[in-house]
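Asker: Return a 3D structure for these sequence lines:
(one chain, ligands or ions: 1)
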Amino acid sequence: MGYLSCRADSSIATADSQTPSIKIQHFDYSALEAATNGFSDQKLLGKGSHGCVYKAVLGGRHLAVKRPSSRAHQILSNEVNNEIEILSKIQSPGLVNLVGFTNDSNDNKLLVVEFMSNGTLYDVLHTSARPPNWGRRIRLALQTAKAIDTLHSQNPPVIHRDIKSANVLIDRSFNARLGDFGLALRCHVDDYRLRSTPPAGTMGYLDPCYVTPDNLSTKLDVFSFGILLLEIISGRKAIDVGHSPPSIVDWAIPLIKKGKLVSVYDPRIAPPKDPVVRKQLAVIAAKCVRSCRERRPAMKDVVVWLTGLSKLVPLHSWNGFNNPCMMVENVGRPVEVASANNNAHLNWRNNSVGGTSEICARSDDVIPRTSFHSHGADDL
Ligand SMILES: Nc1ncnc2c1ncn2[C@@H]1O[C@H](COP(=O)(O)OP(=O)(O)OP(=O)(O)O)[C@@H](O)[C@H]1O
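Answerer: As a prediction, this is how the structure comes out:
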């Protein structure tokens, strides 16, 4: 079945008419060059597969400047232009919002976005000395789900296509913000562009159903979010060659189906005390990665479920994060050698990620707290 109509939930809000006009600044290349000390290593925030991100302070405002590497200039220029096109029409507290870009010729195009002072969700989950507690993890998951829902609720819907922990940034108040819109697609009636845009995303997060351009659907972001939620639950990376099986979905879903929930939870901290939370978090993730896309929930449902769970788990603000007083806003964060993210963009599907067809045949409802009875893995 084709999905070129960019199926989204039938309950989509029409956002365009309500979108306030967004002010996008035009920067001089030379001003950004100066503000980043000539793109110096001291101002380097991080490296992606296509370029570098630098810290800049301009007019007292803390900013992140994305600069294509010369090697990947053409690809990143396309991604920068795409990001500008998408983000110039949406602004939300859940996104890493666009501040502006350079006027100069395409060759020098730089993207300027809000600066996020506390790294990425990837760092928080996989490199932080103190893994976050469940209150924090559920809130980060909920904020990410809300951000994706904001995209899917646009009219026409926007599909991010690269949901992963490295693209969820953490702001100064420790809120999750969704960034990196280089691959995002706005599903307007420009069918030709959609038809000619090959599947793309990051290995380990890619929906196995997304094999041709006309398979585009908001449900591919739901799948990637499910992987991200498994990552949050387990503390394991989406693909970890040191484990068998390496794919998080192939490892976690059979355990969840057998009801071995505790084995899926991050061994670095005690699992959630509340059995409802323990179970439902895993069930939500399993529903999102169903191989049968029609049976995956809409992000709106995921937001409702996670909102319910977040009310059951207190947020102890200092548990699990480094002391925020140590995080200084006016310096670049240290950059990890050999990009810990390891997230090469793919131009085609990742065959190693199996879907979870078994999950298709199971019930749809996350159990509300008030009607909780002991359920087995059959609820999936
Ligand atoms: N707005 C920002 N504020 C602070 N740091 C940022 C910001 N955007 C990116 N970074 C840092 O720069 C790194 C590289 O970001 P970038 O978006 O280029 O690549 P990526 O998403 O990590 O990887 P890829 O481009 O390969 O998908 C991030 O991992 C993060 O550490």
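Asker: separation between Ser224 and Ser117?
Answerer: Using Cβ to Cβ, to the nearest Å, we find Ser224 at a distance of 25 Å from Ser117. All C-beta spots, glycine's among them, are computed from the backbone N, C-alpha and C.
Asker: Settle it for me: which of the two has more neighbours?
Answerer: Ser224 (27 against 21; other Cβ atoms under 10 Å).
Asker: In terms of helices and strands, where is that one?
Answerer: According to DSSP states H and E, Ser224 maps onto helix 219-234.
Asker: Next secondary structure after that helix?
Answerer: Using DSSP H and E, the next helix or strand after helix 219-234 towards the C-terminus is helix 248-257.
Asker: Could you pull out the buried residues of that next one?
Answerer: Buried residues in helix 248-257, counting neighbours by 16 or more other Cβ atoms under 10 Å, are found at Ile248, Val249, Asp250, Trp251, Ala252, Ile253, Leu255, Ile256, Lys257.
Asker: Ok, stretch 198-215 next?
Answerer: For stretch 198-215, the neighbour count (16+ other Cβ under 10 Å) marks 199-210, 213-215 as buried.
Asker: Looking at the backbone only, give me phi and psi for Ala285.
Answerer: Torsion angles at Ala285 (phi, psi; degrees, to the nearest 10) stand at phi -60, psi -40.
Asker: Quick one: residues contacting it.
Answerer: Gly226, Leu229, Leu230, Ile233, Ala252, Ile256 (Cβ atoms under 8 Å, 6 or more residues apart in numbering).
Asker: Would you verify that Val112 is located in a strand?
Answerer: Yes - according to DSSP: H, G, I helix; E, B strand; the rest coil, the state of Val112 is that of a strand.
Asker: Around the ligand, pick out the residues from this structure.
Answerer: 45-51, 53, 64, 96, 113-116, 119-120, 166-167, 169, 179-180, 341, 343 (Cβ under 6 Å from any ligand atom).
Asker: which of these count as buried?
Answerer: Of those, these count as buried by 16+ other Cβ under 10 Å: 45-48, 50-51, 53, 64, 96, 113-116, 119-120, 166-167, 169, 179-180, 341, 343.
Asker: how far off helix 219-234 does the lengthiest helix in the chain point, in degrees?
Answerer: Across the chain, the longest stretch assigned as helix under DSSP state H is helix 134-152. With axes from the mean of the first three to the mean of the last three Cα atoms, to 10 degrees defining the directions, helix 134-152 sits at 170 degrees from helix 219-234.
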